[in-house]
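Trainee: With the sequence up front, the predicted model follows.
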Amino acid sequence: MITLTHYLIASALLFGIGLAGIMTRRNVLMILLCIEMMFNAANLAFVAYARAAGDVGGQIVVFFIITVAAAEVTVGLAIAILLARQLRTLNVDEVDALKW
Amino acid sequence: MTEAVFFYTFAALMLAAAIVVVRHRQPMYSVLALLVVMCCLACLFIMLDAYFVAALQVLLYAGAVLVLFLFVIMLLNLEPEALARVRLFTLRTTGTCVAAALSVLLVHVLQGSGGEPSLAMLRPPNGTVESIGRELFTTYLLPFELTSFLILAAIIGAVALAKHQKPGE
C-alpha cells in the first residue's frame, strides 16, 4: 500500500540529493540545476499533501512554484552568461568580489 | 499492487537520475538526467490525481526551463568540470555527508506524518483543468495577477543584464 509517507520520503530524498549537488558542484549552471531539483522535490511534497488532504490548493501552489522557478532561472542564466562573458569563468570559487 | 509497482519504478528511476545529475562531469548529461527526473515526477503526479500539474510539469518545466538551460550550456560551450584538487576532496565528502545527514533527519521527521493507511480519501481532489481553473480564478486570483508582474520583472531583468554594452558606456 502506497501511503502519503512514501511520497514524502521520495521528496525528502530528492531534496537531499539536490542539496548534495549544491554543496559539491562548483559550476554556476550546475548549482542552478540542483536548485531546480530541490524545487521539484518541494512540488512533489505539495502535490502529495494536496492528495492526502483533499484540497486542490496544493496543486495551485505548485503552479505558482513552476512560474516562479521559470522567472528565477531566466535571471539566473542571464547572470551566468554575464559571468562567462566578463569574468571568463563559471567556477563559483573564483567569483568572490562584489564589483569588478 | 500495481500502484506499488508503478510507484517504486518511478521513484527508483527518479532517484537514480537525480544521482546522475549530481555526479556527472559533463553538463549536458546532467541536464538530460534532470529531464528524466522531471518526467518521472510527472508520472508520480498523475498517480496522485494531479493531471493538470503533471501536464504543466512536462510543458513548462521540462519543455521551457530545461530547454533554456540546454541553450545556455550549448552557447557557453562548457568543458567537463575539472577533477577536484586535493583540498576540495574533503569539501566534497563533507558536503555529501552533510546532505545525507539532513535527508536522514528529514525522512525521520516525515515518517511520523501521514497516518492514513492508504491515500484513498473520501473525496479525492479533482486535479483536472476545470477544478484548478475554478480555484485559481476565484480564491487565488490575487497571486495569479501578481505573477504577471513577476514575469514582467524577470523579462526586464534578463534583457537589461544580457544586453550588449557599447564600448563607450
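Mentor: That came through fine.
Trainee: Tell me the residue of chain B that sits nearest chain A?
Mentor: B:Ser103 (2.6 Å; C-beta to the nearest C-beta). Every residue, glycine included, has its C-beta placed from N, CA and C.
Trainee: residues near that residue, how many?
Mentor: B:Ser103: 20 surrounding residues under other C-beta atoms under 10 Å in any protein chain shown.
Trainee: tell me which element it falls in.
Mentor: Assigned by DSSP states H and E, B:Ser103 belongs to helix B:86-110.
Trainee: follow-up on the earlier one: identify the residue spatially nearest to the residue of chain B closest to chain A, adjacent ones excluded.
Mentor: Using C-beta to C-beta, 6 or more residues apart in numbering or on different chains and skipping residues adjacent in sequence, the residue nearest B:Ser103 is A:Gly16, 2.6 Å away.
Trainee: Check what pLDDT the one you found gets.
Mentor: For A:Gly16, the model assigns a pLDDT of 93.
Trainee: what does A:Val92 give?
Mentor: At A:Val92, pLDDT is 84.
Trainee: count of neighbours near it?
Mentor: Residues near A:Val92, counting by other C-beta under 10 Å: 14.
Trainee: Assess the claim that it and A:Met30 are in contact.
Mentor: No: under the criterion of C-beta atoms under 8 Å, A:Val92 is not in contact with A:Met30, lying 9.6 Å apart.
Trainee: Could you list the low-pLDDT ranges of chain A?
Mentor: For chain A, the stretches flagged by pLDDT under 70 are A:100.
Trainee: For it, which residue gets nearest to chain B?
Mentor: Shortest chain A-to-chain B distance, computed as C-beta to the nearest C-beta: residue-wise this is A:Gly16, at 2.6 Å.
Trainee: now the helix or strand that residue falls within, how far from the chain's geometric center?
Mentor: A:Gly16 belongs to helix A:4-24 when elements are defined using DSSP H and E. How far helix A:4-24 lies from its chain's middle: 11 Å, per C-alpha atoms, centre = their mean, to the nearest Å.
Trainee: which residues touch the worst-scoring helix or strand of chain B on mean pLDDT?
Mentor: Of all the helices and strands that make up chain B, helix B:86-110 has the lowest average by mean pLDDT, DSSP states H and E, namely a mean of 77. Where contact means C-beta atoms under 8 Å, 6 or more residues apart in numbering or on different chains, the residues beyond helix B:86-110 that reach it are A:5, A:8-9, A:12-13, A:15-17, A:19-20, A:23-24, A:26, B:84.
Trainee: make it 7 Å
Mentor: A:Thr5, A:Leu8, A:Ile9, A:Ala12, A:Leu13, A:Phe15, A:Gly16, A:Leu19, A:Ala20, A:Met23, A:Thr24, B:Ala84 (C-beta atoms under 7 Å, 6 or more residues apart in numbering or on different chains).
Trainee: which of those are buried?
Mentor: A:Thr5, A:Leu8, A:Ile9, A:Ala12, A:Leu13, A:Phe15, A:Gly16, A:Leu19, A:Ala20, A:Met23, A:Thr24 (16 or more other C-beta atoms under 10 Å in any protein chain shown).
Trainee: all strands of chain B, in order?
Mentor: Using DSSP state E, no strands are found in chain B.
Trainee: what domains does the record give for it?
Mentor: According to automatic domain parsing, chain B comprises the domains B:1-86, B:129-162.
Trainee: quick one, which of those domains is packed in tightest?
Mentor: For these, the largest average neighbour count (mean count of other C-beta atoms under 10 Å in any protein chain shown) is found in domain B:1-86, namely a mean of 18.
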